[in-house]
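[1] Below are the sequence and a predicted model for it; my questions follow.
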Amino acid sequence: MADLFAGLEPTAPSPPPLDAPLADRLRPRTLAEVVGQEHLTGPDGAIGRMVAAGRLSSMILWGPPGTGKTTIARLLADAVGLRFAPISAVFSGVADLKKVFAEARDHARLGKRTLLFVDEIHRFNRAQQDGFLPYVEDGTVTLVGATTENPSFELNAALLSRAQVLILHRLGSAALEELIARAEAEVGRGLPLDNAARDALIASADGDGRFLLNQVETLFSVALDQPLDPAGLSAFLQRRVAVYDKDREGHYNLISALHKAIRGSDANAALYYLARMLTAGEEPLYLLRRLTRAAVEDVGLADPQALQQCLAAKEAYDFLGSPEGELAIAQACVYLATAPKSNAVYAAQKAAWRSARETGSLMPPANILNAPTKLMRDIGYGKGYEYDHDAEDAFSGANYWPDELPPQRYYQPTERGFEKRIAERMAWWDERRHAQPSRD
């Protein structure tokens, strides 16, 4: 049995060939060489402490692409002497998992435990995720899963309860600059960019170290007469496509940011998030629906024109299409962000709905009941109804609440925008209502 698995024992990684991709040649050989994740790999980080203790717990590495999840998992196995067994949830099925677990159990009998690295672990379905549990619990494998999606949404609660979730950060400018410096040292010359273009290259990576190194390798692969400026760099390199999945957490994070920037009256931030979604391919009509929701939830009657702006933007977009119609969406966005804010109607709706659920069987007062038949009139339906248009100021002051429910005050207008006038109107009606003689 020992001879059978001898070839599978981990060995010190050999240097990649000189013609290997730059990202492979620069792959960290130790955890100390990993950039941008010092909050995990440093002496006080969760990974640093586990390595110092020589004992790993199962974990989920959650972070954007190109932040070092696979590299960290491989280095963890080396650091504590575990066998490294990588699989991808994209290409693996039940048969592959059974084989991996069987091999891990055989190695465990020989005294060699396995670090099972599962890339894109969120792509396994719920039943497949449950299949990991007995092998994690009995120590057959130490599971290290990698995901770009929020584990709270994508992974089983049972699996999450047995694994520590560690969050990897997008690589910041300093970390990306360090990668460029390592690449320049590896190649033996500087990038053919001026300072502004170098900054633009780092910004275009959007925190993805792998993407950055691929772009750096492209720049090193050609001979340029003079350093590129930002315009020349943009023309030379392909434009990076925004990372954005319409049914994933990134989608909900951005729409939440857009809505809250509008609510917070920051027109420029709202435009930024609107642009992020539109340039990434979001459906414009979805954004128009969300803007319309913001109009009635967060602006409300403080500016009744906000709703009209959104509906007009939808009509304009239907008429013009993209990209011209997107200007109408931007106009509605700016209008909402700069409008006075009130959620008074939103709060009133929730209060009224709650009251209706609690008192849904109460009859309206008899004076406003419909009385289409003689029998209904005979038993008092509609008796005493006062037609408001016949009263002074077109206001009778009659009671419209069920006898068992005293008048409620759901809607509390603010003193902002048009609602200030509405508050004055309501006070005017209340004054006349209270001045009416008692009907007892």
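    Cool, the structure landed.

[2] Could you find the residue nearest the spatial middle of this protein?
    Asn253 (2.7 Å; Cα atoms, centre = their mean).

[3] quick one: pLDDT of Leu224?
    Leu224 carries a pLDDT value of 83.

[4] same thing with the one 4 residues further on?
    In the predicted model, Leu228 carries a pLDDT score of 89.

[5] which residues are contacting stretch 367-382?
    With Cβ atoms under 8 Å, 6 or more residues apart in numbering as the test, stretch 367-382 has contacts from Met363, Ala366, Lys383, Gly384, Tyr385, Glu386, Ala398, Asn399, Tyr400. Where you see a C-beta, it was placed from the backbone N, CA and C, and this is true even at glycine.

[6] What number of residues are in the vicinity of the closest residue to Ala435 other than its chain neighbours?
    Leaving aside its chain neighbours, Ala435 sits nearest to Gly397 (7.7 Å; criterion: Cβ to Cβ, 6 or more residues apart in numbering). Residues within reach of Gly397, counting by other Cβ atoms under 10 Å, total 17.

[7] same check, this time on Gly111
    Counted with other Cβ under 10 Å, Gly111 comes out at 7.

[8] And for Arg27?
    By other Cβ under 10 Å, neighbour count at Arg27 equals 19.

[9] Over to Ala275?
    Applying other Cβ under 10 Å, I find that Ala275 has 14 neighbouring residues.

[10] What strand or helix carries it?
    helix 267-279 (DSSP states H and E).

[11] Quick check: next helix or strand after that helix?
    helix 284-294.

[12] now the angle from that following helix to helix 267-279?
    150 degrees (axes from the mean of the first three to the mean of the last three Cα atoms, to 10 degrees).

[13] elements contacting helix 284-294?
    When contacts are defined as 3 or more Cβ pairs under 8 Å, 6 or more residues apart in numbering; DSSP states H and E, helix 284-294 sits against helix 249-263, helix 267-279, helix 305-320, helix 326-338.

[14] closest one to Tyr410 among these?
    Nearest to Tyr410 among the helices and strands packed on helix 284-294 is helix 305-320; the distance by Cβ to Cβ comes to 19.7 Å.

[15] show me where pLDDT drops low in the protein?
    1-18, 238-249, 437-440 (pLDDT under 70).

[16] residue boundaries of the strands in it?
    Per DSSP state E, the chain carries strands over the ranges 59-62, 83-88, 114-119, 141-147, 164-167.

[17] Same list (the ones you listed) but as TSV, adding mean neighbour count.
    Shown next, in TSV, are the strands of the chain (neighbours: other Cβ atoms under 10 Å):
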stretch	mean neighbour count
strand 59-62	24
strand 83-88	18
strand 114-119	25
strand 141-147	25
strand 164-167	16
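
[18] next one: phi and psi at the residue nearest to Ala435?
    Dihedral angles of Gly397 (phi, psi; degrees, to the nearest 10) stand at phi 70, psi 20.

[19] looking at it, it is touching Asp430, isn't it?
    No. Shown here, Gly397 and Asp430 do not form a contact pair, counting by Cβ atoms under 8 Å, at 10.1 Å.

[20] which residues does the nearest residue to Ala257 once chain neighbours are set aside contact?
    Leaving aside its chain neighbours, Ala257 sits nearest to Tyr273 (4.7 Å; criterion: Cβ to Cβ, 6+ apart). Neighbouring residues of Tyr273 by Cβ under 8 Å, 6+ apart: Leu254, Ile255, Ala257, Leu258, Ala261.

[21] Show me how this structure divides into domains.
    2-167, 173-236, 249-338, 365-435 (automatic domain parsing).

[22] So which of the ones you listed is the most surrounded?
    domain 249-338 (a mean of 18; mean count of other Cβ atoms under 10 Å).

[23] for the contacts of Tyr273, which one is nearest Leu285?
    Out of the contacts of Tyr273, the member with the shortest distance to Leu285 (by Cβ to Cβ) is Ile255, at 13.3 Å.

[24] gap between the closest one and Gly325?
    19 Å (Cβ to Cβ, to the nearest Å).

[25] One more: Lys98?
    53 Å.

[26] rewinding a little: want to try CSV for the helices and strands packed on helix 284-294, with distance to Pro413 as columns?
    Shown next, in CSV, are the helices and strands packed on helix 284-294 (distance: least, Cβ to Cβ, whole Å):
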stretch, distance to Pro413
helix 249-263, 18
helix 267-279, 24
helix 305-320, 15
helix 326-338, 19
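
[27] Out of those, which gets nearest to Pro192?
    helix 267-279 (28.1 Å).

[28] what's the angle from that closest one to helix 326-338?
    Using the same axes, to 10 degrees, helix 267-279 lies at 150 degrees relative to helix 326-338.

[29] Tell me how far helix 267-279 lies from the chain's centre.
    Averaging C-alpha positions (Cα atoms, centre = their mean, to the nearest Å) puts helix 267-279 15 Å from its chain's average.

[30] Could you check the angle it makes with helix 249-263?
    150 degrees.

[31] Report the backbone C-alpha coordinates of helix 267-279 in CSV.
    The C-alpha coordinates for helix 267-279 follow below in CSV (Å, rounded to 0.1, in the frame of the first residue of the first chain):
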residue,chain,number,x,y,z
ALA,A,267,-26.4,62.3,-6.8
ASN,A,268,-22.8,61.6,-7.9
ALA,A,269,-22.5,58.3,-6.0
ALA,A,270,-25.9,57.3,-7.4
LEU,A,271,-24.7,58.0,-10.9
TYR,A,272,-21.6,55.9,-10.3
TYR,A,273,-23.5,52.8,-9.2
LEU,A,274,-26.0,53.3,-12.0
ALA,A,275,-23.0,53.4,-14.5
ARG,A,276,-21.4,50.4,-12.9
MET,A,277,-24.6,48.3,-13.5
LEU,A,278,-25.3,49.6,-17.0
THR,A,279,-21.8,49.2,-18.3
